[in-house]
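Asks: Could you work out the structure for the sequence below:
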Amino acid sequence: MHSFPKRNAFVFDIVDAAKNVQNHYTAIGEDPGYGGHFEKEFCNKFTDFMGGGMCDAVSSGTTALYVAIRALHLPPQSTVLVSAVTDPGTINAIILNDLVPQLVDSEEHSYNVSVKNILDGMKSKPSGIVIVHASGLPVDMVPIMKRARDQGIKVVEDCSQAHGAVIGSSKVGTFGDISAFSMMNRKNIAVNGTAGMVYSRNEELFKQALAIADRGKPVWLEEYPDNDPRGNLFPSLNFNLDEISCSLGITAMTKIDEVIRKRRIVAGEIQDAINSKSKYFYVNYPADKASPFVIPVYLKKEVKNEIDVSKYAENLRHLGVPLNPHYRYLVSSWPYVSSFLSKNSRSENAALTINESFVLYLNENYKAADIDFIIEKMVELERSIERFHK
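Replies: Predicted structure coming up:
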């Protein structure tokens, strides 16, 4: 059995990160808390990576989305346009802010929302939009932001799978009013199992996010007494990230550019191999602008009646290829969420896409032999299907 390289992004960096925190706080005679030395350095490195702006480290990507959306103070029960393919954290953050998600369809064979469909959806005058940059591929934010600003619609970018993806020369997350990042394991910026970042270039929005993330405290006021809740602005919870995780985040930020560079190479080579050798499947993944997280693999239209994608992908996984054969992130297929969705939700193309695709996993440690194994097993499986049909 072929052994694919594990990511194991930190090895003993985890121990070193914890020791750095221990040494710092032992030297000053305090216990590590939050919002301290290591979070400040982590956030500084992240804003440098983004080319400026302001950010706050929080406990998870889902938390980051909740905080970012709440910071906009959208009218209760107003409509928010959102991608039809996304993680439950995105939808839950909308619902738990007392807003109504309206699913906007993708293009056929794309996990990302259709820009045209978003522009059409704005005609119904939603209060906000959440754009998900799925699988590390960026959605073109330029026409979306132009129309949104003209109409006074607030925009959140969900960059959970797309740290460092670019549109033109600007990184995703810098276009919307406020943005959210997940930094859980397997992400390009991975921290400590679960972590997130809220980012904005709007100072007032950022202040709101800071207060929401820390029980309503106006923490930007230097004289604010941390132990006196009489000056808190509103009810909220504690969504802060601990100092050890932030220390590990500092380490992750030193590696991110190289991680993205290597993943782009791997993604491009996977695309070239599948597109040149597979009879049944193709990849459309412009890796040079992406921040590869997973690679969607789509069924070719001309053979769509010849193969069951789900069974094929399951067999491919049993042959040792790391993948997800059932990408269950089609929001309209989740029973628990149906009563919360706008009746104007649409996801026909997204449903077709999910049924006609699977996702390949990858990391920056993949080599040529790993890519060769993937395509070898795909071709081997396809030949067995052809023999069966004959």
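
Asks: which residues in the stretch 1-150 of the chain form strands?
Replies: 54-58, 79-83, 100-104, 128-132 (DSSP state E, counting those that start in this stretch).

Asks: Any chance of those strands in CSV with distance to residue 386 as columns?
Replies: In short, each C-beta sits where N, CA and C put it, glycine included. Below are the strands of the stretch 1-150 of the chain laid out as CSV (distance: least, Cβ to Cβ, whole Å):
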stretch, distance to residue 386
strand 54-58, 51
strand 79-83, 36
strand 100-104, 38
strand 128-132, 37
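
Asks: Out of the ones you listed, which is closest to residue 29?
Replies: strand 54-58 (24.0 Å; Cβ to Cβ).

Asks: Let's see that closest one as PDB, backbone CA atoms only.
Replies: The C-alpha trace of strand 54-58 is given here as PDB (Å, rounded to 0.1, in the frame of the first residue of the first chain):
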ATOM      1  CA  MET A  54      -6.800  44.900  12.000                       C
ATOM      2  CA  CYS A  55      -7.400  41.400  13.400                       C
ATOM      3  CA  ASP A  56      -8.500  39.600  16.500                       C
ATOM      4  CA  ALA A  57      -7.700  36.000  17.300                       C
ATOM      5  CA  VAL A  58     -10.700  34.000  18.500                       C
END
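
Asks: which residues touch that strand?
Replies: 39, 42-43, 46-47, 64, 67, 195-201, 203, 206, 209-210, 213, 239-241, 245-246, 249 (Cβ atoms under 8 Å, 6 or more residues apart in numbering).

Asks: okay, residue 390: pLDDT?
Replies: We have a pLDDT of 46 for residue 390.

Asks: just to revisit the earlier point, can you put the strands of the stretch 1-150 of the chain in CSV and add distance to residue 23 and mean pLDDT?
Replies: Shown next, in CSV, are the strands of the stretch 1-150 of the chain (distance: least, Cβ to Cβ, whole Å; pLDDT from 0 to 100):
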stretch, distance to residue 23, mean pLDDT
strand 54-58, 20, 98
strand 79-83, 44, 98
strand 100-104, 46, 98
strand 128-132, 40, 98
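
Asks: Would you write a PyMOL line that selects the buried entries of the contacts of strand 54-58?
Replies: In PyMOL syntax, the buried subset of those is picked out as below (16 or more other Cβ atoms under 10 Å):
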select buried, resi 39+42+43+46+47+64+67+195+196+197+198+199+200+201+206+209+210+213+239+240+241+245+246+249
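
Asks: which other residues reach the lowest-mean-pLDDT helix or strand in the chain?
Replies: Of all helical and strand segments in the chain, the minimum by mean pLDDT, DSSP states H and E falls on helix 368-389, at a mean of 89. The contact list for helix 368-389 (Cβ under 8 Å, 6+ apart) reads 2, 4-5, 266, 269-270, 273-274, 277-281, 306-307, 312, 315-316, 319-321, 360.

Asks: make it 10 Å
Replies: 1-5, 266, 269-270, 272-274, 276-281, 295, 297, 303, 306-308, 311-313, 315-323, 360, 362-363, 366-367 (Cβ atoms under 10 Å, 6 or more residues apart in numbering).

Asks: The residues you listed in helices, which ones?
Replies: Among the contacts of helix 368-389, the residues falling in helices (DSSP state H) are 266, 269-270, 272-274, 276-277, 311-313, 315-318.

Asks: List the residues that contact the closest residue to residue 361 other than its chain neighbours.
Replies: The spatially closest residue to residue 361, leaving aside those adjacent along the chain, is residue 322, at 4.2 Å (Cβ to Cβ, 6 or more residues apart in numbering). Counting by Cβ under 10 Å, 6+ apart, residue 322 touches 4, 294, 316, 359-363, 366, 370, 374.

Asks: Report the buried members of those.
Replies: Among the contacts of residue 322, those classed as buried by 16+ other Cβ under 10 Å are 4, 294, 316, 359-360, 362-363, 366, 370, 374.

Asks: Give the burial count for the nearest residue to residue 334 once chain neighbours are set aside, as a bare number.
Replies: Leaving aside its chain neighbours, residue 334 sits nearest to residue 88 (7.2 Å; criterion: Cβ to Cβ, 6+ apart). Neighbours of residue 88 under the rule other Cβ atoms under 10 Å: 14.

Asks: Now do residue 88, the pLDDT please.
Replies: pLDDT at residue 88 comes out at 98.

Asks: just to confirm, which helix or strand has the spatially most central residue of the chain in it?
Replies: Nearest to the geometric centre of the chain sits residue 160, at 1.9 Å (Cα atoms, centre = their mean). Under DSSP states H and E, no helix or strand contains residue 160.
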